[in-house]
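> Take a look and give me a structure for this.
(chains A and B)
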Amino acid sequence: MNIVIENGRVIDPKNAVDRNASLFIANGKVAGLGEAPAGFVAEQTIDATGCVVCPGLIDLGARLNSIEAELAAAVAGGVTSLVVPPDADPPLDEPELADRLVHRAKEIARARVLPLGALTLGLKGERLAELAGLKKAGCVAFSQASVPMIDSEALLRAMEYAATFGFAVWLQPQDYWLSRNGIAHEGEVASRLGLAGIPVAAESIAIATIVQFVRDTGCRVHLTRLSSADGVALVKAASADGLPVTFDIGVHHLLLTDNDIGYFNPHARFVPPLRTERDRQALSDAVVAGLAPICSDHTPVGADEKLLPFGEAKAGATGLEVLLPLTLRWAEAAGVTLSAALARITAAPAEVLGLQRGQLAPGATADVCVFDPAAVWQLTPDALKSRGKNSPWTGYLLNGKVRRTLVGGRVVYSG
Amino acid sequence: MHNPQLNKDGELTHLLSIEGLPQRILTQILDTAESFMEVSARDVKKVPLLRGKSVFNLFFENSTRTRTTFEIAAKRLSADVINLDINKSSASKGETLLDTIDNLCAMHANLFVVRHASSGAPFLIAEHLQRIGLNDVHVVNAGDGRHAHPTQGLLDMYTIRHYKKDFTQLRVAIVGDILHSRVARSDIHALTILGVPEVRAIGPETLLPKHLDKLGVHVFHDMEEGLKDCDVVIMLRLQNERMTGALLPSAGEYFRHYGLTPQKLAAARPDAIVMHPGPMNRGVEIHSAVADGPQAVILPQVTFGIAVRMAVMSIVAGN
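Okay, the predicted model is just below:
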């Protein structure tokens, strides 16, 4: 179908486009910007007056407890591609499971699902999963999700094996021993509230180990959800050495600190934990500098699993429908332009994945998000399509509402 | 930040933590407790302040001593007291904490005395009661995880005031396993709020929480140095399980460095008092010669504890 999106402000950070123009879409691809391509006859016109037209968001981490509801949530949040960690139940450690997930996502036909295969069977950190088989079934890389690798030798061998085939490994750096009993950042807040602490060293030690193994194996590694200033400094040093290491940051870690735990607010419980203002500032600086994309780390948690004492409540927050508004909120606080902010959730994650998506150049796949940056809405459970209503932002007014989402040139969401 | 233990008039409606309470409320509790001391000395040890009210002792973690003192305090206020040993009932059948609370509210509970192994559990209950609009049901924290044990903190303050009169000239040392101690946290906040100029913490690095200095505490690793010229020494119980990990090598080595002996106590002021929340491990954190000596006020603490718990329950249920 031929679609024209008119009267919008087109922002395509990858191609340095930021101007009012019409976007022409034909055969699922971007056909032109500004001038209609020769012979283009629009079958559908979308009026984007007052709206921003940008590439569909690419989210490097979203859990899908119920695939239908969460993919509806994704497109309602303007997310057109999302990476799914393998810590589902059961863990994504067999090619058939990956195959089924990819197939199911195609059937539902909303956002594109990019599964991460389990690096080890059952995520137990012992025996390797069938990486090549998982890859064939559609996994884009291999991961332990947020489960730490206890056995360093197993990690080294897994990275050697992955490097053999040129597969990327995604790891959330957290030392098992230093994090197994902790529930909050080891600092003043945890001391005051009597919560068992997770020191920053849990992250930095794990990064140091992984970086050394990258040096030894040449394995391409993406580090997920960094939480500390020390962690960022270590990865920066590794990149400066030319090692193939990238990292991302969860949007909540850009905006919140351990102070937000307040009086034991279970919605401020995350893995890795929220850390100090100094850490938050370092994470924000890294994103401002273009070193890391932002992801939602979408983790739907049922109300019953949050209505528990802090240390017993499940960690994580809903993210797909707040990734865009929270990124805008961060950008405003950090003094970042709209175009630069959008780059962190479009072109930058595409680059981590090695994909040509996250842009609107002619010929690119027409994954598009149309949103009203000035629209204000209140985050309430009913406002979310996700089954996960858990958010530290419940009750807050957020800026930025998605009006249309297109995947492959097809409108999959209107709001 | 909204303090969930105060109502809209700034009065105490739950006692969850000492932290964040104004000095006037602490003083009100201590003064009220003083007026109740006389009740316990009577032949008929009862006042009718909570007559017709139901106090539920909800102990998700075992503690015969604390539960007993709350039970006595509630009975002296003429309340009906129901003891629920949750380990043996609903929690083991999979009922959630808040389900249990809803059920007991349906039985018209007026006050919950809660002990729980998770830090913050009484806050969850108090917020839940507010959410469902039960503003006349009150929560008293009887110890949550490592976080707080506010009635113990208050009875410690009562004891100090009883023997030392004025808080503003004192040097107070808290000795031992502060990391895992809810008593220590409540004491630190209470001492600070009541104007004690110097609060010290003494222990090995493994038993001290990080950034203790941010709570206004001076940290010492050496007993003699830390106890020097102190007016009050608060000893903490050392749990046996602390010996199994890498926190401490042995009870013997701990006692040699941090056990309170008459020799070490000599560094404190001659009229210093020695306190302990109990139960004591003689020969681990305290020598019997000190525990049974003239400076120990450990048994009076227990007596004061009943008056303080009466004061707390009558104040929150009265607001």
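> can you give me the helices for the stretch 201-319 of chain B?
Taking DSSP state H, counting those that start in this stretch, the helices of the stretch 201-319 of chain B run over residues B:223-227, B:251-258, B:262-265, B:288-291, B:298-318.
> Mean confidence (pLDDT) on the third one, please.
If I follow you right, that is helix B:262-265. On average, the pLDDT along helix B:262-265 is 98.
> Same question for it: list its buried residues.
B:264-265 (16 or more other C-beta atoms under 10 Å in any protein chain shown). For glycine as for every other residue, the C-beta is placed from the backbone atoms N, C-alpha and C.
> B:Met107 versus the residue of the stretch 151-300 of chain B found nearest chain A, what's the distance?
Going by C-beta to the nearest C-beta, chain A is nearest to B:Pro209 of the stretch 151-300 of chain B, at 3.6 Å. Distance check for B:Pro209 against B:Met107: by C-beta to C-beta, to the nearest Å, it reads 39 Å.
> Neighbour count for the two, which is higher?
Higher neighbour count among B:Pro209 and B:Met107: B:Pro209, with 25 against 9, using other C-beta atoms under 10 Å in any protein chain shown.
> is it true that the more buried one touches B:Leu179?
Yes - B:Pro209 lies in contact with B:Leu179 (C-beta atoms under 8 Å); the separation is 5.2 Å.
> returning to what we had before: give the contact list for the residue of the stretch 151-300 of chain B closest to chain A.
Shown in contact with B:Pro209 (C-beta atoms under 8 Å, 6 or more residues apart in numbering or on different chains): A:190-191, B:178-179.
> ok, now with 7 Å
A:191, B:178-179 (C-beta atoms under 7 Å, 6 or more residues apart in numbering or on different chains).
> now, which of the residues you listed sits nearest B:Val137?
A:Ser191 (30.9 Å; C-beta to C-beta).
> where's the closest one, which helix or strand?
Element membership of A:Ser191, judged by DSSP states H and E, is helix A:188-193.
> How about the contacts made by B:Arg309?
Per C-beta under 7 Å, 6+ apart, neighbours of B:Arg309: B:69-70, B:73, B:151.
> Kindly recompute the last result at 10 Å.
Contacts for B:Arg309 were tallied using C-beta atoms under 10 Å, 6 or more residues apart in numbering or on different chains; they are B:15, B:29, B:33, B:36, B:66, B:69-74, B:76-77, B:113, B:140, B:142, B:151-152, B:154-155.
> Give me the subset of those residues lying in helices.
With helices defined by DSSP state H, the entries of those inside them are B:29, B:33, B:36, B:66, B:69-74, B:76, B:151-152, B:154-155.
> Lowest-confidence entry in those residues?
Scoring those by pLDDT puts B:Thr66 last, at 92.
> Tally up the residues packed near the closest residue to that one other than its chain neighbours, please.
The shortest distance from B:Thr66 to any non-neighbouring residue, by C-beta to C-beta, 6 or more residues apart in numbering or on different chains, is to B:Ala142 (5.5 Å). Neighbours of B:Ala142 under the rule other C-beta under 10 Å: 28.
> ChimeraX command for the buried members of the contacts of B:Pro209?
Buried residues within the contacts of B:Pro209, by 16+ other C-beta under 10 Å, are selected in ChimeraX with:
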select /A:191 /B:178,179
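> Let me know the closest of the contacts of B:Pro209 to B:Glu127.
A:Ser191 (22.5 Å).
> Deepest in the core, which of the helices of the stretch 201-319 of chain B is it.
Ranked by mean neighbour count under mean count of other C-beta atoms under 10 Å in any protein chain shown, the helices of the stretch 201-319 of chain B are led by helix B:298-318, which reaches a mean of 22.
> on that earlier part again, need the overlap of contacts for B:Pro209 and B:Leu179.
In contact with both B:Pro209 and B:Leu179: A:191, A:194, A:197, B:146, using C-beta under 10 Å, 6+ apart.
> Any idea which helix or strand in chain A has the lowest mean pLDDT?
The weakest-scoring helix or strand in chain A, judged by mean pLDDT, DSSP states H and E, is helix A:303-306 (a mean of 92).
> Please list the residues outside that one that contact it.
A:265-267, A:269, A:312-317, A:381, A:388-391, B:96, B:98-99.
> Go ahead and build a ChimeraX selection from the buried members of those residues.
Buried residues among the contacts of helix A:303-306 (16+ other C-beta under 10 Å), as a ChimeraX selection:
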select /A:265,266,267,269,312,313,314,315,316,317,388,389,390,391 /B:98
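> ok, now which ones touch the closest residue to chain B within the stretch 1-150 of chain A?
Using C-beta to the nearest C-beta, the closest approach of the stretch 1-150 of chain A to chain B is made by A:Ile150 at 17.4 Å. Contacts for A:Ile150 (C-beta under 10 Å, 6+ apart) come out as A:124-126, A:175-177, A:180.
> let's go with 7 Å and repeat that
A:125, A:176.
> end to end, how far does stretch B:201-215 reach?
End-to-end distance for stretch B:201-215, by C-alpha to C-alpha, to the nearest Å: 11 Å.
> Measure how far it is from the centre of its chain, please.
In terms of C-alpha atoms, centre = their mean, to the nearest Å, the gap separating the centre of stretch B:201-215 from the centre of its chain is 19 Å.
> next one: stretch A:243-259
That offset, for stretch A:243-259, works out to 10 Å (C-alpha atoms, centre = their mean).
> quick check, it touching chain B?
No - judged by C-beta under 7 Å from any C-beta of the partner chain, stretch A:243-259 makes no contact with chain B; its nearest approach is 9.5 Å.
> Return the alpha-carbon coordinates of that stretch using PDB.
What follows is stretch A:243-259, C-alpha atoms only, in PDB (Å, rounded to 0.1, in the frame of the first residue of the first chain):
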ATOM      1  CA  LEU A 243      37.800  -4.300  21.800                       C
ATOM      2  CA  PRO A 244      34.400  -5.200  20.300                       C
ATOM      3  CA  VAL A 245      32.400  -4.300  23.400                       C
ATOM      4  CA  THR A 246      29.200  -2.200  23.500                       C
ATOM      5  CA  PHE A 247      26.700  -1.500  26.300                       C
ATOM      6  CA  ASP A 248      23.200  -0.200  26.900                       C
ATOM      7  CA  ILE A 249      21.400   1.500  29.700                       C
ATOM      8  CA  GLY A 250      17.900   0.900  31.000                       C
ATOM      9  CA  VAL A 251      15.800   4.100  30.900                       C
ATOM     10  CA  HIS A 252      14.900   3.900  34.600                       C
ATOM     11  CA  HIS A 253      18.500   4.000  35.500                       C
ATOM     12  CA  LEU A 254      18.900   7.300  33.700                       C
ATOM     13  CA  LEU A 255      16.200   8.900  35.800                       C
ATOM     14  CA  LEU A 256      16.200   7.300  39.200                       C
ATOM     15  CA  THR A 257      18.600   6.600  42.100                       C
ATOM     16  CA  ASP A 258      18.500   4.500  45.200                       C
ATOM     17  CA  ASN A 259      17.000   7.500  47.000                       C
END
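> Name the helix or strand for A:Ser81, please.
Assigned by DSSP H and E, A:Ser81 falls in strand A:79-84.
> Neighbour-wise, give me the winner out of the shared contacts of B:Pro209 and B:Leu179.
Going by other C-beta under 10 Å, A:Gly194 tops the shared contacts of B:Pro209 and B:Leu179 with 28 neighbours.
> contacting residues for it?
Remark: with contacts taken as C-beta under 7 Å, 6+ apart, A:Gly194 is in contact with B:119, B:145-148, B:182, B:185.
> Mind doing that once more with 8 Å?
B:119, B:144-148, B:182, B:185.
> Next: B:Leu212.
By C-beta under 8 Å, 6+ apart, the neighbours of B:Leu212 are A:191, B:178, B:201, B:219.
> Reformat those residues as a markdown table; add pLDDT and distance to A:Leu326.
Shown next, in a markdown table, are the contacts of B:Leu212 (pLDDT from 0 to 100; distance: C-beta to C-beta, whole Å):
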| residue | pLDDT | distance to A:Leu326 |
| --- | --- | --- |
| A:Ser191 | 96 | 29 |
| B:Ile178 | 96 | 38 |
| B:Ala201 | 98 | 39 |
| B:Val219 | 97 | 39 |
